[in-house]
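Engineer: Could you work out the structure for the sequence below:
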Amino acid sequence: MKVIIAGSRPIISFSIVEKAIEESGWKNKITEVVSGCARGVDKLGEMWARNHGIPVKRFPADWDKHGKSAGYKRNIEMSEYGDALIAIWIDSSKGTAHMVNTMKKLGKPTYIHQILQTNKILKGRR
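Structural biologist: Okay, here's the model as predicted:
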């Protein structure tokens, strides 16, 4: 199963990504990790894949070509390619919300691991 691992950029805890993958129930079904190449959860998902010998399909956003809409266009491409989504999400993240909504519109399985703003796994406190 090609699983998108995506989420909020401020998250820097590898253990929270591992926990979300485990809780999704898909850990042993993942044949490829799909990444949007952003810092935070996306990069940690790539690291998890490397640690488990699983290939990664990368979808970098083309900011030069698409400007502010590049992330949303990338999310649509990823959702069409991937089979399922593991989203690790701080509720203020618009990009992750878009990824979740795009997958749900396509009827694809989505697991959401939501993080509270006050949680220590965030990079810096707000």
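
Engineer: which ones are touching I86?
Structural biologist: For I86, the contact set (CB atoms under 8 Å, 6 or more residues apart in numbering) comprises 3-6, 20-21, 24, 26, 45, 111, 113. (C-beta placed from N, C-alpha, C; glycine too.)

Engineer: Quick one, grab the pLDDT at it.
Structural biologist: I86 carries a pLDDT value of 97.

Engineer: Pretty sure V3 sits against W26.
Structural biologist: Yes: at 5.9 Å, V3 counts as touching W26 under the criterion of CB atoms under 8 Å.

Engineer: Determine the residues that are contacts of both of those two.
Structural biologist: With contacts taken as CB under 8 Å, 6+ apart, V3 and W26 have 84, 86 as neighbours in common.

Engineer: These two - which one has more neighbours?
Structural biologist: Legend: neighbour count by other CB atoms under 10 Å for V3 and W26, higher for V3 (25 against 17).

Engineer: Now do the contacts for that one.
Structural biologist: So V3 contacts 24, 26, 29-30, 32-34, 82-86 (CB under 8 Å, 6+ apart).

Engineer: Which of these sits closest to T96?
Structural biologist: Among those, L85 lies closest to T96 (CB to CB), at 9.7 Å.
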